[in-house]
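Peer 1: heads up, no residue letters with this:
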């Protein structure tokens, strides 16, 4: 397969391929982060994660339409506004859902699985009825399209770089929030011992609601970013949900570091195999590998300390 | 008995008499032209007992048909257009006097993107509602699910989607193209005009792309001179990351990318192709899975320059199509777009009406027998005719996508292409 190419050409292909793996890695981290917070910190299996992402995507679509029609001069920066709006829209919906539904189910973790799955079906149909069944195309400002030529033969995609930058920023923000802020300390306290946390004066209900809201808000931002690379329709969220769970479960639910490591492993494995084998085969082998590793390590890759 | 034919004969004989100068009624020319252009409003509806011997839902004034598509679930995105087209056709037929003097009433059922549900609803339509025909299904999976039901209870299905072929049933009329109709002419064209020698095949991983690519590969390797396939790839449905395959495409530098990616993957594929700097105005890409409907989601600017091989494009320049597009937009809104399958769905009720009138009966067996040779001259895609194998003769066209999401037709086969659902040498 490589016989006809010069060393330089091969080199640049491998650089680009490495970059493709990194983009996939960023995408995985971005989609898994919200779920990891909710699953890891609260033990809630949120099957409607994809639908929260798609809400963010729709918000992005409507923001782009708004800017196109009313503020065309600012169209170049609409994406940042859209991401902020997406965060708040999905976060608000998440808090409402927590208040209406999830908080009644904390003692029955398996029921949250069923309840959130039902929620995902309801949300899909709501999107379909409100926004229409057809997919919508989100128009991007020109500077976000195309690729950056590093050398004559190496090109990197601008929106890939954008997703990478966004992922790094959000991951750092989440890490700071969780491990450096007073609020994060409270969240971790609630995770470790709910009764004690309540006894020392932490409003556990409020913490729960905000944590769930934060996870959903991050899902919204991810959905917003994915309008650049994927489709926006009522059921598009389903495209991401399997990979998202894969990353979170493989990484070990309680550890942010685990999520990142698992996203890295899966994305590199998948993109490398996709290059050398075919698309379907790569998926099969990736899943197989994950299954085998989970059989050997049921708690996931990176469970450093678990208190029960 | 066909009232329509009877009338035509009666009126044309009247015209003959006129010409012979034996009668000079002032109203006669008017009547005769009305009769010749078949407006059954003037016709006496034949007795129900005569046209319906098997107990279908036919009364003296009405006939009931079924519409069976997904309006919820994943497939709703694709099937919505078909439902709209079928309702438009039924409205138009009713406005023109109905079928055998009877108004068409429809019962709509939702397949909910779930194949067992399709089978169940098909059974309900045939057994409980006794519908005279069903316009429905979209995916091959749903068609395969309902086929045994239609054969067991002897119903009639008008199926609109272009599909992989390898099927033929007395109880189904396939109004979309089968694979060879859609594929071969397009490949010939791309080889000739774009000097395509190396092809990279890429599709979603299920029966339609796999069968289509098999036919494409056989044609490229066996029938096109000096041409070869340099890559063939399938991705799971819903796959959204194509960067690796795009790198592979960059490495292989094929003359032509031949794509049959569907659904949400479609959008991801073209967006990432564009982001990776593959300029579709320079890199030839021919696809058999992107219609105007899909461009809505992909975004016109991401797909501009690519070629799509279909039998119908919304931009077709003929009077039938102009009328159809105007009527469609009037009924469903200015912003709706019309893709290949939507147009094929529109043909269903019309072909059924013409067949019933030719057979002079609503009976399924008589319709099945009378279908071969039915011609529909007002089809938006132009003239179509039903082949004895229950597929349609149709032209194949290649359109180049424009940034506004419409296609510019760049090639059209001069003749109608014969449907060949079981192509020899391609299996």
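Peer 2: That came through fine. Just so it is clear, the model here is predicted, and its values are computed rather than measured.
Peer 1: give the pairing partners of the host helix or strand of residue B:105; include direction for each.
Peer 2: Assigned by DSSP states H and E, residue B:105 belongs to strand B:103-110. Partner strands and pairing direction for strand B:103-110 (DSSP bridges) are strand B:62-69 (parallel).
Peer 1: per-residue confidence at the closest residue to chain A within chain B?
Peer 2: Chain A sits closest to residue B:297 of chain B, with a gap of 2.9 Å, by Cβ to the nearest Cβ. Just so you know, the C-beta spots here come from the backbone N, C-alpha and C atoms, and that holds for glycine as well. What the model reports for residue B:297 is a pLDDT of 81.
Peer 1: pretty sure it sits against residue A:234.
Peer 2: No. The pair residue B:297 / residue A:234 is not scored as a contact, 11.3 Å apart, by Cβ atoms under 8 Å.
Peer 1: residue contacts, the residue of chain B closest to chain A?
Peer 2: A:134, A:135, A:136, A:137, A:231, A:232, A:233, B:77, B:266, B:267 (Cβ atoms under 8 Å, 6 or more residues apart in numbering or on different chains).
Peer 1: alongside chain A, which residues does the stretch 101-250 of chain B contribute?
Peer 2: Residues of the stretch 101-250 of chain B lying close to chain A (Cβ under 8 Å from any Cβ of the partner chain) are B:205, B:232-236, B:238-241, B:243-248, B:250.
Peer 1: in which helix or strand does residue B:351 reside?
Peer 2: Assigned by DSSP H and E, residue B:351 falls in helix B:340-359.
Peer 1: ok, now which ones touch the closest residue to residue B:291 other than its chain neighbours?
Peer 2: Nearest residue to residue B:291 in three dimensions, chain neighbours excluded: residue B:339, at 3.0 Å (Cβ to Cβ, 6 or more residues apart in numbering or on different chains). Each residue near residue B:339 by Cβ under 8 Å, 6+ apart is listed here: B:81, B:291, B:292, B:293, B:294, B:312, B:314.
Peer 1: angles on the backbone of residue B:339, please.
Peer 2: Backbone torsions of residue B:339, given as degrees, to the nearest 10, read phi -100, psi 180.
Peer 1: give me the pLDDT for the most centrally placed residue in chain B.
Peer 2: With distances taken as Cα atoms, centre = their mean, the residue of chain B nearest its centroid is residue B:344 (2.3 Å). As predicted, residue B:344 sits at a pLDDT of 96.
Peer 1: could you do residue B:171 as well?
Peer 2: 95.
Peer 1: tell me the spacing between it and residue B:158.
Peer 2: 11 Å (Cβ to Cβ, to the nearest Å).
Peer 1: which regions of the stretch 1-150 of chain A sit below the pLDDT cut-off?
Peer 2: A:1-5 (pLDDT under 70).
Peer 1: which bits of it sit near chain B?
Peer 2: Counting by Cβ under 8 Å from any Cβ, the residues of the stretch 1-150 of chain A near chain B are A:1, A:5, A:9, A:13, A:16-17, A:19-21, A:23-24, A:27, A:125, A:128, A:133-139, A:145-147, A:149.
Peer 1: mind checking which of these are buried?
Peer 2: A:13, A:16-17, A:19-21, A:23-24, A:27, A:125, A:128, A:133-139, A:145-147 (16 or more other Cβ atoms under 10 Å in any protein chain shown).
Peer 1: out of the residues you listed, which sit inside helices?
Peer 2: A:13, A:16, A:17, A:19, A:20, A:21, A:23, A:24, A:27, A:125, A:128 (DSSP state H).
Peer 1: list the contacts for the fourth one?
Peer 2: Neighbouring residues of residue A:19 by Cβ under 8 Å, 6+ apart: A:156, A:157, A:160, B:243.
Peer 1: hmm, 6 Å instead?
Peer 2: residue A:156 (Cβ atoms under 6 Å, 6 or more residues apart in numbering or on different chains).
Peer 1: ranges for the helices of the stretch 201-350 of chain B?
Peer 2: Using DSSP state H, counting those that start in this stretch, the helices of the stretch 201-350 of chain B run over residues B:207-222, B:243-252, B:263-275, B:292-298, B:300-303, B:319-332, B:340-359.
Peer 1: likewise for the stretch 151-300 of chain A?
Peer 2: A:158-179, A:182-192, A:194-199, A:204-226, A:238-251, A:256-276, A:279-296.
Peer 1: buried deepest among those helices, which one?
Peer 2: helix A:204-226 (a mean of 26; mean count of other Cβ atoms under 10 Å in any protein chain shown).
Peer 1: and chain B, what are its domain boundaries?
Peer 2: For chain B, automatic domain parsing gives the domain ranges B:3-42, B:51-177+B:317-394, B:180-310+B:398-412.
Peer 1: distance to residue A:200 for these - can I get that in TSV?
Peer 2: Output for those, formatted as TSV (distance: least, Cβ to Cβ, whole Å):
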stretch	distance to residue A:200
domain B:3-42	84
domain B:51-177+B:317-394	48
domain B:180-310+B:398-412	45
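Peer 1: low-confidence ranges in chain B?
Peer 2: B:1-44.
Peer 1: repeat that with 50
Peer 2: B:1-42 (pLDDT under 50).
Peer 1: could you say what helices and strands the helix or strand containing residue B:183 packs with?
Peer 2: Here residue B:183, judged by DSSP H and E, is contained in helix B:179-193. Contacts defined by 3 or more Cβ pairs under 6 Å, 6 or more residues apart in numbering or on different chains; DSSP states H and E place helix B:179-193 against helix B:207-222.
Peer 1: elements contacting the helix it packs on?
Peer 2: Against helix B:207-222 (3+ Cβ pairs under 6 Å, 6+ apart) you get helix B:179-193, strand B:198-204.
Peer 1: those: which one's closest to residue B:409?
Peer 2: helix B:179-193 (11.7 Å; Cβ to Cβ).
Peer 1: tilt between that closest one and strand B:198-204?
Peer 2: Interaxial angle of helix B:179-193 relative to strand B:198-204 (axes from the mean of the first three to the mean of the last three Cα atoms, to 10 degrees): 150 degrees.
Peer 1: contacts for helix B:179-193?
Peer 2: B:162, B:164-165, B:196, B:212, B:215-216, B:219, B:224, B:256, B:286, B:288, B:309, B:396, B:398, B:411, B:413, B:417, B:419-420, B:423.
Peer 1: hmm, which of the residues of the stretch 101-250 of chain B next to chain A are the buried ones?
Peer 2: B:205, B:232-235, B:238-241, B:243-248, B:250.
Peer 1: picking up where we left off before, just checking, what packs against the next helix or strand after the strand holding residue B:105?
Peer 2: On the C-terminal side of strand B:103-110, the closest following helix or strand by DSSP H and E is helix B:115-123. In terms of contacts (3+ Cβ pairs under 6 Å, 6+ apart), helix B:115-123 is packed against helix B:140-152.
Peer 1: fine by me, we can end here.
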